[in-house]
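> test case, fold it:
(chains A and B, ligands or ions: 2)
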Protein chains: 2
Amino acid sequence: MTDNSFAVAAIIDGLKRCLPAGYKSVGLHEPCFAGNEWKYVKDCLDTGWVSSVGKYVDLFEKKLAEYTGAKRAVAVVNGTAALHIALKLVGTERDDEVLVPALTFIATTNAITYCGAVPHFIDSEERTLGLDPHKLNDYLREIAEVRSEGCFNRKTKRRIRAVVPMHTFGHPVDLDPLAEVCVRFKLDLVEDAAESLGSFYKGCHTGNWGGLSTLSFNGNKTITTGGGGAIITNNEDLGKLAKHITTTAKVPHRWAFYHDQIGYNYRLPNINAALGCAQMEQLPDFLAKKRMLAERYFHEFTGIQGVRVFREPEFARSNYWLNTMVLDKENKMYRDVILEAANDCGIATRPAWTLMYKLPMFESCPRMDVSVAEDLEKRIINIPSSVFL
Amino acid sequence: MTDNSFAVAAIIDGLKRCLPAGYKSVGLHEPCFAGNEWKYVKDCLDTGWVSSVGKYVDLFEKKLAEYTGAKRAVAVVNGTAALHIALKLVGTERDDEVLVPALTFIATTNAITYCGAVPHFIDSEERTLGLDPHKLNDYLREIAEVRSEGCFNRKTKRRIRAVVPMHTFGHPVDLDPLAEVCVRFKLDLVEDAAESLGSFYKGCHTGNWGGLSTLSFNGNKTITTGGGGAIITNNEDLGKLAKHITTTAKVPHRWAFYHDQIGYNYRLPNINAALGCAQMEQLPDFLAKKRMLAERYFHEFTGIQGVRVFREPEFARSNYWLNTMVLDKENKMYRDVILEAANDCGIATRPAWTLMYKLPMFESCPRMDVSVAEDLEKRIINIPSSVFL
Ligand SMILES: Cc1ncc(COP(=O)(O)O)c(C=O)c1O
Ligand SMILES: Cc1ncc(COP(=O)(O)O)c(C=O)c1O
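Ligands and ions are numbered 1, 2, ... in the order given. So this is what the prediction gives:
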């Protein structure tokens, strides 16, 4: 008991030293509107262009494509919708399987079910907190059969359509070996880059490895549009199709309503895109500030026993979306005590997500050995990471 | 040819007399931000509450419930999402059938397919421009078998789960006989009230007949939130469930991520709800102005041959969301000439939607005789209806 409370106190002290003096309560990730947000939003109201018509959607898409280096970005209503459409556009069908880390936010997994497909859970690696491509490779060698049409699960007989890696808290997974696995096993690669706007893998922005990738601009993300997301792609045809089916698949005509396939109303309203344009202008500044905060955490925690602050893998330049403490294995039983102590004194902290297969609706989905994810789930604590800290 | 151009000219002249003198171009339905929009939106930006946290979502839901007289309103990302969830919550499953008018906007039909169900198309009546409950009754007598578990289609063997009437251009369908049909055939009733905020049937707001109903606040609707919608219901449990599954089905906890079923990210961002609150304050004024415009159209078109302006059915007080010309049967061949002439001189007009079963993805769906909808499709022209006209 004494040891326990001692270690916990040191950690809480460490956190306090990194936060503004005299703070009352600090959120995990709060938005910062220090640029042209007002100006652009007011322009929408003054012109009446708040909805599907207006210039900010196009401009936001252009800025996103330019920044990420992708050929095309399609703004949508949120990151979940982006995942749904990206999975649809790589051909995910009823009763397919899609590989996804067990350690991810619920949206990655839910989007698979929206296509009528079955999630199949994969382990993570401690180096990136994301999907382990080498372990995946070994696993697929065991369970998959590659035919001319694609990859099949020998046990369930279902087609395995795609892999959806997720760049956890902004840290890129090891994309090159993963891309090789995808080629070897004829799998489509859809990066869930919801958390990694501003994160680069070997000098190239995340989201450029798969056929389609997805971003989120939820209120807790590096930049926000209130709610919002995007699909990014280097395939112009897929980009066009993504735009088409996220806007009800209406065929352009002066007045006639003709829709050539089942579509969605996933378009981002112009007023939300206006926020996005202002936020994108500040992104480099946000990233610089987030790096400084991460440095402060490393520095303060160097001397603290039993815990480390997670650093970007050597091949990556991360956005440090959410800073993360990883408890040493021996200390994982203190996770909830730390969460309680920190939250009690107004410092927002949270654990990793519950592993997907522990949730009732995914209990019976196929999965590999996920012992690393199991272990990480117990050791991760996210700590305050807002830009203005 | 002479007669034709003569009739068309009279109609265009009639339209011109109803529009502001010296107009350059008039849209079909443009939003009006004359109230507290900027104040509330600015409050969101100043407090940083633009996304899932913030007071405007709750307030907007409260205002909607109060105004419609429903027990609960749940704000969502748009009317299409509202329909998807309403259909899910009445139990729509893979391979069920759902009855829906052939004459409706694509979203009503698409939402059925999102549940994996099959749309089954129903005829309309000229009196309301919406679903004909008597014709539906006769049709169901012919094709349906009512068992203790519910209603089944004798031909396709599929379960018929629900009926989704739509209040076309704001005009209520004849809800009482429709509700009787639903009881008789054990069908759930989901009103697509996307177009009918402010429309009353026998003194009670539309959306109060079925288990769940849906609204839309798209940019072209009577009030707008940029993009937005709502589910309304008089069943508290369904209301709670609607809130839960539109917000990822997360079980409340200080920090843990536990989701108890497959959920959606359909929540309306706070910044969009802020717009909605300001718009709701102006709704009575908007409705009064829309009624005056409708009166002006009736007045001006009384003397014009071959066409009438649609008036609310005797049991309804309609919002006149989109004013509508209905060409006499003998004149339907002039529809496109009129559309062309009006749009050419800057007066936005549009025809009815293409009937659903004419679209490639719905060609093979079951349908009854839809001769009235067929006829109406060729005779309807929507005319400018913005509040500020
Ligand atoms: C990993 C991951 N995927 C998907 C999403 C979904 O994005 P959104 O909340 O914009 O739907 C999020 C963020 O919420 C996320 O963190
Ligand atoms: C009849 C009808 N149903 C559903 C919708 C869908 O609403 P939203 O555009 O908000 O998704 C609309 C409006 O666009 C509509 O007119």
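> so A:Met361 sits in a helix?
Yes. Assigned with DSSP: H, G, I helix; E, B strand; the rest coil, A:Met361 falls within a helix.
> list the contacts of it.
Shown in contact with A:Met361 (C-beta atoms under 8 Å, 6 or more residues apart in numbering or on different chains): A:113, B:259-262. Every C-beta, even on glycine, is put in place using the N, C-alpha and C of the backbone.
> need the max-distance pair from these.
A:Thr113 and B:Asp260 (14.4 Å; C-beta to C-beta).
> tell me which of those two has more neighbours.
A:Thr113 (17 against 13; other C-beta atoms under 10 Å in any protein chain shown).
> how many other residues sit next to the closest residue to that one other than its chain neighbours?
Nearest non-adjacent residue to A:Thr113, counting by C-beta to C-beta, 6 or more residues apart in numbering or on different chains: B:Ile262, 5.5 Å away. Residue neighbour count, defined by other C-beta under 10 Å, stands at 18 for B:Ile262.
> check contacts around B:Ile262.
Neighbour list for B:Ile262: A:110, A:113, A:361, B:245, B:249 [criterion: C-beta under 8 Å, 6+ apart].
> that one should be in a strand, yeah?
No. B:Ile262: not assigned to a strand; according to three-state DSSP it is coil.
> pLDDT score assigned to it?
pLDDT recorded at B:Ile262 is 97.
> what's it sitting at in phi/psi?
Here is the backbone geometry of B:Ile262 (degrees, to the nearest 10): phi -70, psi 120.
> could you do A:Ala102 as well?
Here A:Ala102 shows phi and psi, under degrees, to the nearest 10, equal to phi -70, psi -30.
> tell me the contacts of the closest residue to it other than its chain neighbours?
Distances taken as C-beta to C-beta, 6+ apart place A:Phe121 nearest to A:Ala102, at 4.0 Å, with adjacent residues excluded. Listed by C-beta under 8 Å, 6+ apart, the contact set of A:Phe121 reads A:99-102, A:355-357, A:362, A:365-368, A:370.
> for ligand 1, what are the nearby residues on the stretch 1-150 of chain A?
Contacts of the stretch 1-150 of chain A with ligand 1, taken as C-beta under 6 Å from any ligand atom, map to A:78-80, A:104-105, A:107-108.
> how many neighbours does whichever residue of the stretch 51-200 of chain A sits closest to ligand 1 have?
Of all residues in the stretch 51-200 of chain A, A:Gly79 sits closest to ligand 1, at 2.4 Å by C-beta to the nearest ligand atom. By other C-beta under 10 Å, 28 other residues sit near A:Gly79.
> want to throw the contacts of A:Met361 into JSON lines with distance to A:Ser318?
Shown next, in JSON lines, are the contacts of A:Met361 (distance: C-beta to C-beta, whole Å):
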{"residue": "A:Thr113", "distance to A:Ser318": "29"}
{"residue": "B:His259", "distance to A:Ser318": "27"}
{"residue": "B:Asp260", "distance to A:Ser318": "32"}
{"residue": "B:Gln261", "distance to A:Ser318": "33"}
{"residue": "B:Ile262", "distance to A:Ser318": "31"}
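> what about whatever residue of chain A ends up closest to ligand 2, how many neighbours?
When scored by C-beta to the nearest ligand atom, chain A has A:Asn265 as its residue closest to ligand 2, at 3.9 Å. When counting by other C-beta under 10 Å, one arrives at 26 neighbours for A:Asn265.
> and if you look at A:Arg154?
9.
> where does chain A dip in pLDDT?
A:1-6 (pLDDT under 70).
> quick one, what contacts the one residue in the stretch 1-150 of chain A that gets nearest to chain B?
With C-beta to the nearest C-beta, the shortest gap between the stretch 1-150 of chain A and chain B falls at A:Ser51, namely 2.3 Å. A:Ser51 makes contacts with A:269-271, B:31, B:218-220, B:224, B:226-227, as judged by C-beta under 8 Å, 6+ apart.
> can you map out the helices along the stretch 101-250 of chain A?
All helices of the stretch 101-250 of chain A, identified by DSSP state H, counting those that start in this stretch, fall at A:106-114, A:133-143, A:175-184, A:236-245.
> show me the contacts for the residue nearest to A:Asn137 when sequence neighbours are not counted.
With sequence-adjacent residues excluded and distances taken as C-beta to C-beta, 6+ apart, A:Asn137 is closest to A:Val181, at 4.9 Å. When contacts are counted by C-beta under 8 Å, 6+ apart, A:Val181 touches A:133, A:136-137, A:140, A:163, A:187.
> now A:Phe105
Residues in contact with A:Phe105, defined by C-beta under 8 Å, 6+ apart, are A:166, A:194, A:353, B:257.
> okay, the residues you listed in TSV with distance to ligand 1 and neighbour count next?
Shown next, in TSV, are those (distance: C-beta to the nearest ligand atom, whole Å; neighbours: other C-beta atoms under 10 Å in any protein chain shown):
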residue	distance to ligand 1	neighbour count
A:Met166	5	25
A:Ala194	3	29
A:Trp353	9	22
B:Phe257	11	17
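> returning to that earlier point: tell me the most buried of the helices of the stretch 101-250 of chain A?
Counting by mean count of other C-beta atoms under 10 Å in any protein chain shown, helix A:106-114 has the highest mean neighbour count of those, with a mean of 24.
> and the angle from it to helix B:106-114?
90 degrees (axes from the mean of the first three to the mean of the last three C-alpha atoms, to 10 degrees).
> which strands or helices does helix A:106-114 pack on?
Applying 3 or more C-beta pairs under 8 Å, 6 or more residues apart in numbering or on different chains; DSSP states H and E, we find helix A:106-114 packed against helix A:79-89, strand A:97-101, strand A:118-122.
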